[in-house]
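Engineer: predicted model, plus sequence, below.
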Amino acid sequence: MQITTFGSDSPPFIQRNPPSTPPPSPVQDSISQANQNPSIYPAASILPGSLAIEEDAHIPLFDLDDIENAPTEIRKELIKQFGDGLKDIGFIAIKAPSLSAIIKDVTKSMKTYFALPLEEKMKDWNSDNSKGFSEQGRETAAGATHADRKETFFVPPHFKKWPQTPPEFGQVMERYHTELTNLAIKVMRYVAEYLEEPTENVSETIDTAYNLLRLAYYPAPKSEDHPDSVWANAHEDLNALTLLPPTKVPGLQLFTKDERWLSVTAPEGSLILNTGLQLERLTAGLIKATLHRVQNPGGKYTYQARHSSIFFASWAPEKSLAPLKKCVEKITENMSEEERTTYLLQYPDVTVQENLISRLIEMGTIPNPTREQVAELHQKGLLQRPPLHVVEEFSDLFNS
Ligand SMILES: [Fe+2]
């Protein structure tokens, strides 16, 4: 099975310190559980106070021009702050005033598109779910009891099957894709500088055909929605790094190291940047993929929809994610030999494609993996949290 690499707004399975982790279940089980419990909740209980997140994460904001034009010593300090932001928070913001016009066009086009009747949008659905339109209920977090309440439109590179409405949709999204690919390459160079690695070890292949744009429409909550059903359940991104503009309706939240959910906001004219699992693997966890989710924040936003244009930068499927030596040295410097060995078991030498397939199996997006797939991934140290039905079907592999 050939699946091109993609970042995901889907929730992966492995969650560090998750606030609540229901037992894992395959996608269809989750959906059917939700359907069997069609509780009707009054509007007032859609967002109980405990779900409302008011505290802001205060992510640092960087001007890439300042870094570019700074004298050597100041540049060194700015790169350190930039990388530390990714290492310590996993989310930063970067000024991008030159992209304001295209972001406005993207938002306008996607609002028009998602306002179309569902049957119209379903004409843009593709059976492999990696491009075009996906309706609500298509994605459920492994471990979650309810499907994400979102519609999405996936734009892979060189996409050709554009919707008819609005007519400018394809042209606008192509331009945005190109602009953000260029920005991702630039950002990756700074990441390489922070890691003290040759650029080719980090930013290589970002400019080729593996970056994906995902347009997401999160409908306004309705009184009949189950309170546990959110816009996007807690997850880490599967790609290298993610870029997305802040939205008028907030909802993006990150999970802190001290186990709190905080709102992620950024000024208009900037982009939010967060790191994904590919970068976490390559850096042996020095730059982790931070757990995050999207949910209606309540208050004056309780009945508002949200639109987000999320760009996932990714490395090529064949790239090795074996941790970089300097990163291993940094992250394990205070560990005993035994601790170091145990720690590094989390980061085996796997490729981008192997990591992706393993996570898609864990998430239930590949519901029926072959025995060969499961055996190979398990043997490589992947599939650490497989869905129950996969463990049951291949119990001999997991018990060996
Ligand atoms: Fe995400």
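Structural biologist: Good, I have the coordinates.
Engineer: could you use CA atoms for every contact and neighbour count after this?
Structural biologist: Fine.
Engineer: tally of neighbours for whatever residue of the stretch 151-300 of the chain ends up closest to the ion?
Structural biologist: Relative to the ion, the nearest point of the stretch 151-300 of the chain is Asp237 (4.8 Å; C-alpha to the ion). Applying other C-alpha atoms under 10 Å, we find 25 other residues in the vicinity of Asp237.
Engineer: the stretch 101-250 of the chain: helices as residue ranges?
Structural biologist: Under the criterion DSSP state H, counting those that start in this stretch, the stretch 101-250 of the chain contains helices at 118-121, 169-195, 199-202.
Engineer: pLDDT weak spots in this structure?
Structural biologist: Across the chain, residues meeting the criterion (pLDDT under 70) sit at 1-54, 129, 140-145, 204-205, 207, 209, 400.
Engineer: thought Arg214 was touching Pro157, still the case?
Structural biologist: No. Between Pro157 and Arg214 there is no contact, the gap being 11.3 Å when judged by C-alpha atoms under 8 Å.
Engineer: so Arg75, which of the three states?
Structural biologist: Classification of Arg75 using DSSP: H, G, I helix; E, B strand; the rest coil returns helix.
Engineer: could you find the closest non-adjacent residue to the residue of the stretch 151-300 of the chain closest to the ion?
Structural biologist: Taking C-alpha to C-alpha, 6 or more residues apart in numbering, and ignoring the residues beside it in sequence, Asp237 has Gly276 as its nearest neighbour in space, at 4.6 Å.
Engineer: look up phi and psi at the residue nearest to Glu55 when sequence neighbours are not counted.
Structural biologist: Leaving out its chain neighbours, the residue that sits closest to Glu55 by C-alpha to C-alpha, 6+ apart is Leu262, at 5.5 Å. Listed backbone geometry of Leu262 is phi -130, psi 150, with angles given as degrees, to the nearest 10.
Engineer: what sits against the residue of the stretch 301-400 of the chain found nearest the ion?
Structural biologist: Shortest the stretch 301-400 of the chain-to-the ion distance, computed as C-alpha to the ion: residue-wise this is Ile310, at 8.3 Å. Each residue near Ile310 by C-alpha atoms under 8 Å, 6 or more residues apart in numbering is listed here: Leu213, Arg214, Leu215, Ala216, Thr242, Leu243, Leu244, Pro245.
Engineer: quick one: strands adjacent to the host helix or strand of it?
Structural biologist: Using DSSP states H and E, Ile310 sits within strand 306-313. With DSSP bridges as the test, strand 306-313 is paired with strand 212-218 (antiparallel), strand 241-244 (antiparallel).
Engineer: turn the ones you listed into TSV, including distance to the ion and mean neighbour count.
Structural biologist: TSV is the format used below for the strands paired with strand 306-313 (distance: least, C-alpha to the ion, whole Å; neighbours: other C-alpha atoms under 10 Å):
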stretch	distance to the ion	mean neighbour count
strand 212-218	10	25
strand 241-244	8	24
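Engineer: select, out of those strands, the one closest to Leu64.
Structural biologist: Judged by C-alpha to C-alpha, the one of the strands paired with strand 306-313 that comes nearest to Leu64 is strand 241-244, at 14.2 Å.
Engineer: direction included, what does the next helix or strand after the closest one pair up with?
Structural biologist: Following strand 241-244 in sequence order, the next helix or strand is strand 252-255 (DSSP H and E). Partners of strand 252-255 in the sheet, by DSSP bridges, are strand 261-263 (antiparallel), strand 292-294 (antiparallel).
Engineer: contacting residues around strand 252-255?
Structural biologist: Taking C-alpha under 8 Å, 6+ apart as the criterion, the residues outside strand 252-255 that touch it are Ala57, Trp261, Leu262, Ser263, Val264, Thr265, Thr290, Leu291, His292, Arg293, Val294, Gln295.
Engineer: the same query, at a cut-off of 7 Å, please.
Structural biologist: The set of residues external to strand 252-255 that reach it, using C-alpha atoms under 7 Å, 6 or more residues apart in numbering, is Trp261, Leu262, Ser263, Val264, Thr290, Leu291, His292, Arg293, Val294, Gln295.
Engineer: right, I'll call it a day here.
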